[in-house]
Structure formats: structure tokens, C-alpha cells
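# Predicted model, plus sequence, below.
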Amino acid sequence: MEKPDWLKVNINLNEFEKVSNLLKKLNLNVVCYHAACPNIGECFAKHTATFLILGNICTRNCAFCSIKKGDPLPPDPNEPKNVAQAVKELNIRHAVITSVTRDDLPDFGSTQFVKTIQEIRNIQPQTIIEVLIPDFNGSLTALKRIIEEKPEIINHNLETVPRLYSKIRPQANYKTSLGILKQVKRLNSNIFTKSGIMLGLGETEDEIISLMKDLRTVKCDILTIGQYLQPSKEQIEVIEYIKPSTFQKFKSMGESIGFLYVNSGPLVRSSFNAEDFSKKHI
Ligand code: SF4
């Protein structure tokens, strides 16, 4: 299916190179490359990036995701310090830290998140920290470790409506994912919670509305809604390109049911323009 014009983007190559050289020097991964994000040029030009910790190989196999699947390496002990160094060198005001899913580790990777948060706080305490976490296989112990560090925002993406989980996120569970957001608010209501979904995978409007209501039931504060784009032929095909006006409609609906902020548009990704929220609310 050919992409409509609203999904075509330009890249600022100079800034792109500057940031990518720094990341190479520090041996860091950013999700922007691995997930083939369409906003990579714009984010790099604004000196923002979503750091991908715990390596670049995932133990899960989501049908939409282009991150490599297989047996990951042990966590890199230098990674937390290097992420903090990049945050400092790029003078990042709002850092987003995410990871592959590490079902192979006894702590599901939660300790590496903790160390990364601590290193950023040490070197650049004014930076707002958003963690986009995996489900830690439903481990409350792992989740509590993150909550204790008090990142300003804990993000966990639902990605799609429950009916499509077996096809799109076969190793995940909708209720477990909602439960993560619920536990964060129960254990520390001062932490903002955030989630995101992709459209164009065959979901219906009623299913999206019902998902938005589920998120508000667990007091989720922030929602991102973007168009799914097939990163390569190996991932699931796009069923539909959703019109910008429909994204606008979901934004209005979301705000009317109580989200503090809804970022909804064809090119919106989970951490795209994440600082828009923090500038207003943090
Ligand atoms: S768990 Fe995350 S990183 Fe792993 S395949 Fe799924 S979307 Fe990609």
C-alpha cells in the first residue's frame, strides 16, 4: 500500500550525524534506529533521542516490531554511565529511556533501569526522566524498583486493542499491561503514567474508545496515538492509513474523558515531542 503524503518526512542530515556519532562513541543504542522511527531526523535535530538499554536483541517477537529477536547479551555494566554522559553532552531536558524485553534476566532488566536513572540524576539532576518500560513479565518486585526511583513519568504502551494481542503482541497480556499502569498510580500517585497505541492494524473505533476508557479507569494521565508503519517486509502489513482528522477526533475524545494530554497524529510515536507535556506539567 502506498504511503499518503502526510507520512512523508525530511531528515536534517548534519544534526543527525552529530548525534549518531556521539551515540556510536558511547556504544549506545537508540530505539529511533532499531524501530525505524520516521521522526528520527526531527528528534536528532532537537537533540532528543530515546535510549534503548539492555542491548538491541529482544526475547519477544511482536509482529509490528523491527528490533532483532533472539538471545541477548548480558547487560553492559557501562551502559548506565554512558547514557548519562550522552544526556549531559546533548543537554537533554527530557530523557526517555526504554529497553528491549529481557525475559531471560531474573530481574527482567529492572536493575539496569534503576542504575540508568541514578546515573542521570548524578550527572544532570535537572533532566526530567521518562522510562518506557516493558511489562517485566508482570513482576511487581521489578516494577517497584523503578517506582522507588521516582522517575517523573512511567510509560508502558498497550500498543493495540485487546482483540489483536494474539496477532500483534503474542507474548504480552492486555490485563497485565493495564495492571502495570494501575500499580504505579497505587504506589506513587505523583508519578505521571503514560501509554501509547498504534492505529491501522485493523482495530475498530469502538475498540479504541473502550481502550481509552480502560486507561482512564487505571488513572493513566497521558496517551499517544500514532499510525503503524511497516518497518520492513518482515513485519505485519498496514491494514489502513488513518486520516489526520480521525487522529484529531481521538485527541478530543481522549481529552474529554480526562487524559491530561493526548498526542495523536499519523507521525506520533510514544516519545515523540515528549517534552511538550513536561514543559506544561512538570
Ligand atoms: S517487546 Fe518491545 S522490543 Fe521486543 S519485540 Fe515487542 S515491541 Fe519490540
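Ah, there it is.

# can you tell me how far the one residue in the stretch 101-250 of the chain that gets nearest to the ligand sits from Gly55?
Nearest residue of the stretch 101-250 of the chain to the ligand, counting by C-beta to the nearest ligand atom: Thr101, 3.8 Å away. Every residue, glycine included, has its C-beta placed from N, CA and C. Using C-beta to C-beta, to the nearest Å, Thr101 is found at 11 Å from Gly55.

# same question, Pro125
In terms of C-beta to C-beta, Pro125 sits 27 Å off from Gly55.

# Out of those two, name the residue with the larger neighbour count.
Shown here are Pro125 and Gly55; by other C-beta atoms under 10 Å, Gly55 has more neighbours (20 against 7).

# so where does the more buried one fall, helix or strand?
Assigned by DSSP states H and E, Gly55 falls within no helix or strand.

# wait, it sits on Pro75?
Yes - contact status for Gly55 versus Pro75: in contact at 7.3 Å, counting by C-beta atoms under 8 Å.

# before we move on, which element is Thr224 in?
Applying DSSP H and E, one finds Thr224 within strand 222-227.

# next helix or strand past that strand?
Next along the chain from strand 222-227, counting by DSSP H and E, comes helix 244-256.

# Would you mind listing the buried residues in stretch 179-190?
For stretch 179-190, the neighbour count (16 or more other C-beta atoms under 10 Å) marks Gly179, Ile180, Leu181, Lys182, Gln183, Val184, Lys185 as buried.

# list the contacts for the nearest residue to Lys68 once chain neighbours are set aside?
Setting aside the residues directly before and after it, Lys68 is nearest to Ile57 in space (C-beta to C-beta, 6 or more residues apart in numbering), at 4.8 Å. Shown in contact with Ile57 (C-beta atoms under 8 Å, 6 or more residues apart in numbering): Ile67, Lys68, Lys69, Gly70, Asp71, Pro72, Leu73, Val100.

# how many neighbours does the residue of the stretch 101-250 of the chain closest to the ligand have?
25.

# Remind me which helix or strand it belongs to.
Take DSSP H and E as the rule and Thr101 turns out to sit in neither a helix nor a strand.

# Can you check what pLDDT the model gives it?
On pLDDT, Thr101 comes in at 97.

# and if you look at Gln235?
Value for Gln235, per-residue pLDDT: 96.

# Go ahead and confirm it touches Ser66.
Yes - the criterion here is C-beta under 8 Å, and Gln235 meets it with Ser66 at 6.0 Å.

# any idea how far the residue nearest to Lys68 lies from Asn78?
Ile57 is 18 Å from Asn78, by C-beta to C-beta.

# got it, and Ala86?
12 Å.

# Which one of these two is surrounded by more residues?
Comparing Ala86 with Asn78 by neighbour count (other C-beta under 10 Å), the higher total belongs to Ala86, at 22 against 12.

# Without its sequence neighbours, what residue ends up closest to the more buried one?
Leaving aside its sequence neighbours, Ala86 sits nearest to Leu26 (C-beta to C-beta, 6+ apart; 5.4 Å).

# residues contacting Leu22?
Ala86, Glu89, Leu90.

# quick one: average confidence on the host helix or strand of it?
Here Leu22 sits within helix 13-25, counting by DSSP H and E. Regarding helix 13-25, the rounded mean pLDDT is 80.

# Relative to the whole chain's centre, how far out is it?
Chain-centre distance of helix 13-25: 21 Å, with C-alpha atoms, centre = their mean, to the nearest Å.

# what's the pLDDT at Met1?
72.

# How about it: what's its closest non-neighbour residue?
Val238 (5.8 Å).

# you'd agree the one you found is up against Tyr228?
Yes - if you go by C-beta under 8 Å, Val238 and Tyr228 touch, sitting 5.9 Å apart.

# Quick check: residues of the stretch 51-200 of the chain near the ligand?
Contact residues, the stretch 51-200 of the chain versus the ligand (C-beta under 6 Å from any ligand atom): Cys58, Arg60, Asn61, Cys62, Cys65, Ile67, Val100, Thr101, Pro134.

# ok and the strand holding Thr224 relative to helix 244-256, angle-wise?
170 degrees (axes from the mean of the first three to the mean of the last three C-alpha atoms, to 10 degrees).
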